[in-house]
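Asks: Here is my input, please return the structure:
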Amino acid sequence: MNPFIAYLKQYYHISVEAQQALEEEISFQQFEKDEFLHKEGMVCRKLYFIEQGSVRGFHYNDGREVTNWFGLESNLVTSFHSFIDQQPGYEYIQTMEDSLIWSIGRETLYALYDQFPAIERLGRITCEQYYIRLEDRYVNAHFKTATERYQNLLQIHPQITQRVPLGFIASYLGISQETLSRIRSKPI
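Replies: As a prediction, the model looks like this:
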């Protein structure tokens, strides 16, 4: 079974007909490290599923890159604000490793929503899951220490320090690389 479809079906059962319709519309692409899926100022027209590899979402603040989020295997990613309201986005989405990625266009997805209520339900459930991750990120950023934020990141993505440059991790945590090095040097 297609890994994108298998991922979606863990949240909600869809009919064979709906599954076939989805399979006909999703496309597969290989990306090399450092390729962009989305850039600031563009309207995001695709929803991506990472089969293998990793991506990050980031923006620029006073000329510095600020990492907003990471996407690893079995994650759906997009520039959600831009994807939903079809306005130019403020963030970049870039691969951090060679990656195998599935995607579906927004117009196609919305047409499938109209045709198959189960697919629309999957869209709602996906948005709910995204909201939960966003709220967790907000709580971590505003109410936890840098050490707690780092430990939480390791809990969610235990392999992240082997796959993501420490500068990106420090940026995501809102700390300097030096502070991250001090945190990492202490026993957990």
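Asks: which residue packs closest to N152, ignoring adjacent ones?
Replies: The shortest distance from N152 to any non-neighbouring residue, by Cβ to Cβ, 6 or more residues apart in numbering, is to N140 (5.6 Å). (Each C-beta comes from the backbone N, C-alpha and C, glycine too.)
Asks: Tell me the secondary structure at the closest residue to I125 other than its chain neighbours.
Replies: What sits nearest to I125 in space, not counting adjacent residues and going by Cβ to Cβ, 6+ apart, is Y11, at 4.7 Å. Classification of Y11 using DSSP: H, G, I helix; E, B strand; the rest coil returns coil.
Asks: What about Y11, how many residues nearby?
Replies: Using other Cβ atoms under 10 Å, Y11 has 14 neighbouring residues.
Asks: so how far is I5 from it?
Replies: 11 Å (Cβ to Cβ, to the nearest Å).
Asks: who touches both of these two?
Replies: Common neighbours of Y11 and I5 are not found (criterion: Cβ atoms under 8 Å, 6 or more residues apart in numbering).
Asks: S103 belongs to a strand?
Replies: Yes. Membership of S103 in a strand is supported by three-state DSSP.
Asks: contacting residues around the spatially most central residue of the chain?
Replies: What sits nearest the mean C-alpha location of the chain, by Cα atoms, centre = their mean, is V77, with 3.3 Å. Shown in contact with V77 (Cβ under 8 Å, 6+ apart): 37, 47-50, 55, 57, 69, 71, 93.
Asks: again with K9
Replies: For K9, counting by Cβ under 8 Å, 6+ apart, the contacting residues are 1, 19.
Asks: any idea where the strands of this protein begin and end?
Replies: 27-31, 36-38, 46-52, 55-61, 64-71, 76-77, 92-95, 99-105 (DSSP state E).
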